[in-house]
Structure formats: structure tokens, C-alpha cells
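# how would this look folded up:
(chains A and B)
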2 protein chains.
Amino acid sequence: MRERASTQEVEQALDAYRIVAVERMLARLPDREPRRHLYDLIPSYPTRPGKGLRPGLCIASCRAFGGTTRAVIDSAVAIELFHNAFLVHDDLEDGSEMRRGRPTLHVEAGLPIAVNVGDAMNVLSIKVLMENLVTVGPRLTWQVFGEIEHMVRESVEGQAMELGWIRDNTIELSEADYLRMNLKKTCWYTCIHPCRIGAIIGSGGGVDPASFDRFGYYMGAGFQIQDDILNLIGDRSRYGKEIGGDIWEGKRTLILIHLLNACDSREREQLRTFLAQPRLERTSRQIRSVYRLLDKYASIDYARTAARQLAGAALHEFFVAYRDAPDSPDKSFIEAIVLYMVERDI
Amino acid sequence: MRERASTQEVEQALDAYRIVAVERMLARLPDREPRRHLYDLIPSYPTRPGKGLRPGLCIASCRAFGGTTRAVIDSAVAIELFHNAFLVHDDLEDGSEMRRGRPTLHVEAGLPIAVNVGDAMNVLSIKVLMENLVTVGPRLTWQVFGEIEHMVRESVEGQAMELGWIRDNTIELSEADYLRMNLKKTCWYTCIHPCRIGAIIGSGGGVDPASFDRFGYYMGAGFQIQDDILNLIGDRSRYGKEIGGDIWEGKRTLILIHLLNACDSREREQLRTFLAQPRLERTSRQIRSVYRLLDKYASIDYARTAARQLAGAALHEFFVAYRDAPDSPDKSFIEAIVLYMVERDI
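Numbering: from 1, shown residues only, chains lettered A, B, ... in the order given. Have a look, this model is predicted:
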């Protein structure tokens, strides 16, 4: 992939990593009762068509630093289990209706069972991580445990920030507030720790995990902003969620924060009133009016520019973070992923 | 405590263990943002007046087998963190209104934030368990990790069984079904694993953990049935939950299962219809009618007898499980706990 990989090539490569991780995850699920209200529901999100970004980054980073898929696969599965647990809880916390082209789990199975399925996925990831003892030995197993602990803690902290803004109807937010929340809620678990964990295992603990932080942060921020753009203007059949869902949910995206800071005081009051309403009382007419304001102040264009700048910074940091890794298809894949993240339409 | 301890003495002893664990837990909480919507909410349940059964059993079992409080305290804190995370999620899954004399967390903070606070407590317990590396060394740390992993997995499986019965409106349930669910949902994390983990650490890994399973199972089953009785006829100011909440929630307790199997077919249909309604559509009149049936078929008396028989079996198993532990105040405390569990009114 020394020539720039096409979108299709990147998606094929991502899919290959994803399938390896999902198959291993399914093989690791308990083969026993209770099935219908627990273990049968765990594959629901992981087997829907997804990007597979996290296992891709984790496995490729391991191999780029000289490790094998076998050495890293359980860590990749643990990340993917955690990711899907987080999605299940995130969806019910946000009241989201669609995920990867189908109803969200709490819509399908009811809220109580969905909360419990998320809890089960979290505990299953602990068992999977303990398998590392056999494959990579106690020292690396502990180091990976520490990585996962930090990853999950940052994610719940970022989630608390975002949920707090909605609960308090906070609208005095800057771009820096958004980026801080996004670092916590998304970047650590989507990019930074998958790369760190892969590289730790691949190098047998020889790399400095912190050397991946800037790369993962820029990439994760660009990824999330692109996701927020697709949420508003994507193709539902490709993107898999309800289009405009973030507006219905009152999410404090970079796009909304840009608008709140760019609009005039009358429009700002109108937005505050809209955001103060419970989700179920918001109307399609109000949503259309928010879209008109986003258009008037070019907030989506602003976010698109920000995502591209972040991808540029991520590409620069890629060459720093992976400079000690020899050229390889895995290394090239990670490089290709960076621009794909802000060009994708899924 | 060779003479039988009074209720008050048992409660004082429990409280002493509980305070040690809660203070250590509070000292272990991150001292940073986000506070208001995350870290400030974590102490909510643990600092409300509770029984402290789990840290009591865990610390006392450790000391009874020759260990120190210092060696076991982080494991006790991890169990208590998990327990409170489970309560937070359990309350919102059941739609419960009161916990330990105050509104449940999802009522106070909203459902999204409560789900996330529970997730945070779970991940914090991993960090606390990793502290064991320093205090008890890697071998016991791994063993305790395995114990905790099993404990949490059994709990979510039991929870899935109970939530599934409510979702499917299952009424064809036997006492054996109830006991199996209760073993999974309650006994492992309330009694069996606290005793096992305490004894593992106290004995430096010298005891067979399985030797506590029968004791903890009988004790936990008796404990939960007593809890179900108090839920229906307790003193709200002592018990701390809404009285009759289990009926409002349609919980499949031993009491309800006894009634469903004892009543005539007309009454059974009436109960099925009642249980099929969404919780918010159930009326006080219906609740009173369920109470009349419970009275008619002496279902609460039946449960009371079952709880006492289980306590008797637990006492017998206590002498087996703790036979190698020399006499000590900690050992006597555990013995006293057994009968207290089915005599308490809180």
C-alpha cells in the first residue's frame, strides 16, 4: 500500500481485521444459559456491519512492531467487547433509536435487559484479558490490564461530561471544551489505547506507550467530528443511524458548539429553549430550523475543515509514533486509515 | 461472642467492618473532575446506612484464617464497589424508587447519568484490585481476579434470568427455579465470594475456595428470602425501600412463586393479568388484592419458614467451612451473622 490505498482497499483491510476479532469474540462467549435474555444478545452489535476501527488499529500496531495476531487477539477482543458494551449503554443513555442499520438494543430487548447485557460484556472482557497470561505472560498481561483500566475510566469520565452538559442544558461551551470531552469519551478507547496495546504486545513492552498519544488523539478527534458530520448529512443506509439524531438528542457536537458561538443572541435563545425541552417534545419543525441555522453559519463546513486539519496533524504524528516500525502492510494500513477516517461515508 | 450475640452486637460489628471498607473506598476515589455528574455521585449509595454484610464477611473470613485487615481491604472495597454498581443498575432496571431511605440514584440524577455512574464503579473496582499486587503479591492477586470475574458473571446471569421472567411474564416457576436464580443473582456476590476471597487471602491461598460454597449458598438464599419478606411487610423507616415495591415491580420472589403455585386457577389468571401490565399501570387496589391472596395462602409464612430452614443449613455448613479456623471474635461474628440474617428487620 505504498501508493495511497483506495477507500475500498482500506475498508477491505478493516473488514479483515474486524472479522478475525469478532470470530474470536464469538468463540469466547459462554456456551450456556441464560441465552435468550443474555448471551444470545451479546453478538447483536458486534455482528452488525461496523467499521472495525479498534481491532484494526490494535492488531495492525502489534504486527507493525513485530508481534503476531495470536499474541494480540485477546486484547483486541477485550477492546471490542468494551466498545460494544459502551455503545449499548451510550445508546440507551442518549435515547438513540438506530445503530448500524437496526434498532438499538434497548429498543429491541427493553432497557433493563440492555443495561444488563452491557454489564455482561464488560465482565466478559476481564476473562478474555486474563487469557493473556498464557499467550504473553504476566508482565505484559498486567500492563495491558492497566491500559484497559485507564481506557474505560477515561471513557466514563468523557461520558459524564457529555451527559452533564445535556442534563444542565449547558450552552456556554468552547471548542476546547468539546475537544477535552472528545479526548476522554472517544480518543482513548477508539485510537490511543488500541494503538498503545498493540504496540506494547508487538514490541514485548519495548515501546513507550505515551508515544502514541498525540497520534491517537488527533486521529480520534478527526474521526469523531467526521462521525458528527455524517450524523447530520450522511446516507442513512450507509451510516446506519437515524440522520439528525444528534440534534434530536441535543448532543454538544463541535458543529452545535460552533453554531452556538456564531449565531446572534436571538437565535442563541431560540436554541437554548429548544435544547431545554425533553427529547420527546422536540418537533421536526424545530429540527429543520436548527438545520437552517447550521447552514446559515456554515457550521458543518467548519467541522469538516477541523476534521481535515486534525487528520493532517494525525498523519504527521503517525510518522513520529511508528518511525521505529519497519515498512510493512500493517504499517501502511495504519497510515491509510488516517485519511480514510475523515473521508469515509460510513 | 461464644454466647449468642444480640442483634445489636451483630449490627455494631457489621457497622465496624462496613466503615473500614467505606472509608478506604472513599480514599480510593479519584480526586478530580468530572465531579458533579460522576465522582460526587459514587459515594451516594455506599455512604447511606447499609448493612455492610459483604465487607463484614470478607474481612472477618480473612482474619479468621490468620490474615490482616490490611491484606484484604482492597478486595473488600472492590466487592463493595461492585455491589453498589449492581444496586444502581438493578434499581433502574427494576424502576425502584427508594434505596436505603432515599430516592434511588436514577431518580436523583437521571437515568443516563446513573447508568454511567454504575459503569464507573465497575471500572474503579479493577484499579482497586490491581493494588493487591503490592499487598498480597501476584499469585493471590490473580486468584482474586478470577474470583471477582466469576462473581460478576454469575450476578449478571442471575439478573438476566429475573429480568427475563418479568419481560416474558413467566409465571410457571418452581421453588427450584427461584433458588437457582437467587444463587446466581445474590448468593455468589453477597456471601460465597466474600467468604472465599477473605479465606483465600487470610490463608495465603491454603484453603479450598469451594469449601465455602454451600455455606454461602444457604446463607445467601436465606438472606434474600428475608429481604423479600421485609420488602412486603417491613418498616419503611428501618428497611429503607418502598414497602411492597416487589409487588409493584412484579418481582418473582419465593413468596410470589408460592402464591402462584398455591392459588386456584381463577386467582392465577387474575395474577397473570396483573403481572402482564406495565408497572405504571398497576393500581394500589390491585396491590391490596395481591396482599389479600398472600395472606389467604400464607405465602409470607411459607417464605419465613424457608428462610429459617436455610439459616439452619447455613449454620451447619458454617462449622464445616470454618472448622480449620481457630476460635476468634471474627469467626464468632460470622457464626452470629447467620441467624441475624433471617432475624433482622433492616
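# surely A:Lys127 meets B:Val152?
No. When contacts are counted by C-beta atoms under 8 Å, A:Lys127 is not listed as touching B:Val152 (9.7 Å). Any C-beta I mention is one placed from the backbone N, CA and C, and that applies to glycine too.
# settle it for me: which of those two has more neighbours?
B:Val152 (25 against 19; other C-beta atoms under 10 Å in any protein chain shown).
# which residues does that one contact?
Taking C-beta atoms under 8 Å, 6 or more residues apart in numbering or on different chains, we find B:Val152 in contact with A:Asp119, A:Val123, A:Ile126, B:Phe82, B:Asn122, B:Tyr189.
# in what helix or strand does the residue lying closest to the second one once chain neighbours are set aside lie?
By the measure of C-beta to C-beta, 6 or more residues apart in numbering or on different chains, the closest residue to A:Val123 outside its immediate chain neighbours is B:Val152, 4.2 Å from it. Remark: B:Val152 resides in helix B:132-167, with elements defined by DSSP states H and E.
# A:Val338 too?
Assigned by DSSP H and E, A:Val338 falls in helix A:329-343.
# how about stretch A:231-248 and chain B, touching?
No. Contact of stretch A:231-248 with chain B (C-beta under 8 Å from any C-beta of the partner chain) is absent, the minimum separation being 14.7 Å.
# okay, how far is it across stretch A:319-326, tip to tip?
Its first and final residues considered, stretch A:319-326 spans 11 Å by C-alpha to C-alpha, to the nearest Å.
# other residues contacting that stretch?
Outside stretch A:319-326, the residues that touch it by C-beta under 8 Å, 6+ apart are A:Ala64, A:Phe65, A:Gly66, A:Cys195, A:Val207, A:Ser211, A:Phe212, A:Arg214, A:Phe215, A:Lys331, A:Ile334, A:Glu335.
# the last one against A:Glu317, yeah?
No. The pair formed by A:Glu335 and A:Glu317 falls short of the contact definition of C-beta under 8 Å, at 11.2 Å.
# for A:Lys51, give me the pLDDT.
At A:Lys51, the model reports a pLDDT of 88.
# am I right that it is in a helix?
No. Using DSSP: H, G, I helix; E, B strand; the rest coil, the secondary structure at A:Lys51 is coil, not a helix.
# who are the packing partners of whichever strand or helix holds A:Ile201?
When elements are assigned from DSSP H and E, A:Ile201 belongs to helix A:193-202. Contact partners of helix A:193-202 among helices and strands, from 3 or more C-beta pairs under 8 Å, 6 or more residues apart in numbering or on different chains; DSSP states H and E: helix A:53-64, helix A:69-94, helix A:132-167, helix A:213-233.
# ok, A:Asp15 to chain B distance?
29 Å (C-beta to the nearest C-beta, to the nearest Å).
# how about A:Val107, what does it touch?
Taking C-beta under 8 Å, 6+ apart as the test, what A:Val107 contacts is A:Glu97.
# and the gap between it and A:Gly245?
Distance of A:Val107 to A:Gly245, given as C-beta to C-beta, to the nearest Å: 13 Å.
# need the residues touching each of these two.
A:Glu97.
# skipping adjacent residues, who's closest to the residue most central in space within chain A in space?
Nearest to the geometric centre of chain A sits A:Thr190, at 4.6 Å (C-alpha atoms, centre = their mean). Nearest residue to A:Thr190, sequence neighbours excluded (C-beta to C-beta, 6+ apart): A:Gly220, at 4.9 Å.
# spell out which residues of the stretch 101-250 of chain A are next to chain B.
So far as C-beta under 8 Å from any C-beta goes, the stretch 101-250 of chain A lies against chain B at A:109-113, A:115-120, A:122-124, A:126-127, A:130, A:133, A:138, A:142, A:145-146, A:148-149, A:152-153, A:156-157, A:159-161, A:163-164, A:166-167.
# and the residues you listed, which are buried?
A:109-113, A:115-120, A:122-124, A:126-127, A:130, A:142, A:145, A:148-149, A:152-153, A:156-157, A:159-161, A:163-164, A:166 (16 or more other C-beta atoms under 10 Å in any protein chain shown).
# so A:His150 touches A:Tyr189, yeah?
No. Using C-beta under 8 Å as the test, A:His150 is too far from A:Tyr189 to be in contact (9.7 Å).
# those two: who's more crowded?
A:Tyr189 (24 against 18).
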